[in-house]
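> Coordinates only, no sequence provided:
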């Protein structure tokens, strides 16, 4: 084919050129634009190109604007309406797609004899929800089709979008924002009642959702955004406070000691303290009570004496104002590890006498009157329990949920210790979502989101009566124990539990070293273990560790369903066992 392509005339009167298939090229829009711009710079080719754009392509712009003409023709070439054909010996200034004098003036590709194929499209519906069923409304999403088209769309109020021009046969890629913030948590926002996950849901994480490739067209796809927020939670359950008041009872303080230990594991965490009540009393009173109890816990774990003193103020409701009863509770639990100021063991057993003993011990004016100065010192000592204070840089947030989110269902006016609780959340990357107000309503979705973020939880119930077993592993061998008269003692902080084991009388073995087994250990206790010899030497094996931590040592994860929970109903014959090196 060294001269010209073979030319035929169809019955319709149109002329066609027959060329070898390998001479037909496919140009991108960019390549076509470059070629057309070159042709427009030539006298003959330029005029023909402008005529083509105006008469055949409906170009309505300025014919002298070469760039606009070139874009119009290049798009027609790129989408296949015109086909570039290679000619062996083109004449000077000849371009493959130019309309030239005969035979090119009336020539069209032979491929146009076949009916033009209409593009095939499918439909696709997507829905973007968070893990609670709240829609991501107004979010920009990009659909990338298999033919390279990109459609930037905006999700509607229900978090949905339906496209009816998805290129067949797919797949289609859905590109989400780099980070998906939590949808608004307002009662007016849309949410799905009774939201449930389906097996066909597509799950992505909120901080780095990445692209989603969807292969199945002509159907609806639901995309669920799950939080990658991680949090730990300490639950204080039961008799934490006086009835309808915010004073932390002495029995609850041991649970507060879990908080700094948890914070050590999550340094820099955002701390959220959430108070709950049962369904006794008026709902609006329970809302305020739950918030005040959360504030009381925050004050205690940050040693905020002034915040506690405010509960004695005249501006407090009379039914909730602190007074002589709270003073007495503190006097009956102080000092630590000694006879309390208020105790029957003293010759004079009265509140005034206990107050005088406290004043004398602290160098205050001894008058038996628990006035502002004495009360300030009393609160400060009550808050000074070792290991209950969070670092100074912590800015804990208090929040009240009232009776709205019970741990167990209950009827109105039914007391429930399980529902009277305070939950302290430690969020690795800051509280998410932030509380929208000081109190949650029954319709709020915040609490469910906080619970969903929990990866680790520990529960403390004041006054738990359960007991268990602790095994303490040591590096001492039998010979050392016999020669030095070794005795190992395990004791609780309040010395209510003290047990000593002498391996000479009660053999304790673990391989070549000794292990000591202690039974009937109170689960709601913090324990210290000391090894002592006849010569008066002492070796503290561990100090002030909670039972749950000891009972979880050296055990496989499958053996412990929740090693942190203190079960008030459990007092198993075998108890819980573990070991500590």
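Arrived safely, thanks for sending. From a predicted model like this one, the values you see are computed outputs, not experimental measurements.
> how about the spatially most central residue of the chain, what does it touch?
Computing the C-alpha centroid of the chain and ranking residues by Cα atoms, centre = their mean puts residue 229 first, at 1.9 Å. Counting by Cβ atoms under 8 Å, 6 or more residues apart in numbering, residue 229 touches 206, 427-429, 432, 453. Every residue, glycine included, has its C-beta placed from N, CA and C.
> and which of these is nearest residue 349?
Taking Cβ to Cβ as the measure, residue 349 sits nearest to residue 427 out of the contacts of residue 229, at 47.3 Å.
> Residue 539 pairs with what?
For residue 539, the beta-bridge partners are residue 531 (DSSP bridges).
> how close does it get to residue 475?
Using Cβ to Cβ, to the nearest Å, residue 539 is found at 10 Å from residue 475.
> thinking again about what came up before, could you dump the contacts of residue 229 to TSV with neighbour count and pLDDT?
Compiled in TSV, the contacts of residue 229 are given as follows (neighbours: other Cβ atoms under 10 Å; pLDDT from 0 to 100):
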residue	neighbour count	pLDDT
206	20	81
427	21	93
428	17	88
429	15	83
432	21	85
453	23	87
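> and the residue nearest to the centre of the chain, what element?
Counting by DSSP states H and E, no helix or strand carries residue 229.
> With residue 34 instead?
Residue 34 is part of helix 29-40 when elements are defined by DSSP H and E.
> could you pull out the helices for the stretch 451-581 of the chain?
Taking DSSP state H, counting those that start in this stretch to define them, one finds helices in the stretch 451-581 of the chain at 478-484, 547-551.
> Can you give me the buried ones in the first one?
Meaning helix 478-484. Under the neighbour-count criterion of 16 or more other Cβ atoms under 10 Å, helix 478-484 has 478, 481 buried.
> And stretch 130-146, by the same measure?
Judged by neighbour count using 16+ other Cβ under 10 Å, the buried positions of stretch 130-146 are 130-137, 139, 141, 143-145.
> Just give me the closest of those residues to residue 176.
Using Cβ to Cβ, residue 141 comes nearest to residue 176 of these, at 6.1 Å.
> separation between that closest one and residue 129?
Taken as Cβ to Cβ, the span from residue 141 to residue 129 is 13 Å.
> Kindly report the domain assignment for this protein.
The chain resolves into domains spanning 6-113, 121-226, 231-460, 467-580 when parsed by automatic domain parsing.
> Single out the most deeply packed of those.
Scoring those by mean neighbour count under mean count of other Cβ atoms under 10 Å gives domain 231-460 as the most buried, with a mean of 18.
> Residue 461 and residue 163, how far apart?
With Cβ to Cβ as the criterion, residue 461 and residue 163 are 54 Å apart.
> what's the closest non-adjacent residue to residue 492?
Distances taken as Cβ to Cβ, 6 or more residues apart in numbering put residue 525 closest to residue 492, at 4.2 Å, once the chain neighbours are dropped.
> try residue 272
Distances taken as Cβ to Cβ, 6+ apart put residue 425 closest to residue 272, at 4.4 Å, once the chain neighbours are dropped.
> can you pull the contacts of the one you found?
231-233, 271-274, 431, 450, 453-454.
> Narrow those residues to those in helices?
Counting by DSSP state H, the contacts of residue 425 place residue 450 in helices.
> can I get the contacts of residue 425 in TSV with distance to residue 73?
Below are those laid out as TSV (distance: Cβ to Cβ, whole Å):
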residue	distance to residue 73
231	61
232	65
233	66
271	66
272	64
273	70
274	67
431	59
450	61
453	58
454	63
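> quick check, nearest of the contacts of residue 425 to residue 513?
Proximity of those to residue 513 (Cβ to Cβ) peaks at residue 232, which lies at 34.0 Å.
> so that closest one makes contact with residue 457?
Yes - using Cβ atoms under 8 Å, residue 232 is in contact with residue 457, at 7.0 Å.
> who touches both of those two?
Common neighbours of residue 232 and residue 457 (Cβ under 8 Å, 6+ apart) do not exist.
> Figure out how far stretch 389-406 is from the centre of its chain.
The chain centre lies 17 Å from the centre of stretch 389-406; the measure is Cα atoms, centre = their mean, to the nearest Å.
> Show the average pLDDT along that stretch.
For stretch 389-406, the mean pLDDT works out to 90.
> Please, which helix or strand holds residue 173?
Per DSSP H and E: strand 172-175 holds residue 173.
> ok now that strand, how far from the chain's centre?
Centroid separation for strand 172-175 versus its chain: 25 Å, with Cα atoms, centre = their mean.
> Then stretch 132-139?
On Cα atoms, centre = their mean, the centre of stretch 132-139 falls 17 Å from that of its chain.
> Okay, now that stretch: how far is its last residue from its first?
End-to-end distance for stretch 132-139, by Cα to Cα, to the nearest Å: 17 Å.
> and the longest helix for this structure?
helix 283-301.
> what residues does that helix touch?
236, 240-241, 244, 246-248, 253, 256, 259-260, 273-277, 279, 281, 304, 307-308, 311, 320, 383, 388-390, 396-403, 422, 424, 438-439.
> Just those: which are in helices?
253, 256, 259-260, 307-308.
> picking up where we left off before, out of the contacts of residue 229, who's nearest residue 175?
When the contacts of residue 229 are compared against residue 175 (criterion: Cβ to Cβ), the nearest one is residue 206, at 15.4 Å.
> Show the contacting residues for the residue found closest to the closest one once you drop the neighbours it is linked to in the chain.
In this structure, residue 206 finds its nearest non-sequential neighbour in residue 180, 4.7 Å apart by Cβ to Cβ, 6+ apart. Going by Cβ under 8 Å, 6+ apart, residue 180 touches 136, 139, 206-207, 209, 225.
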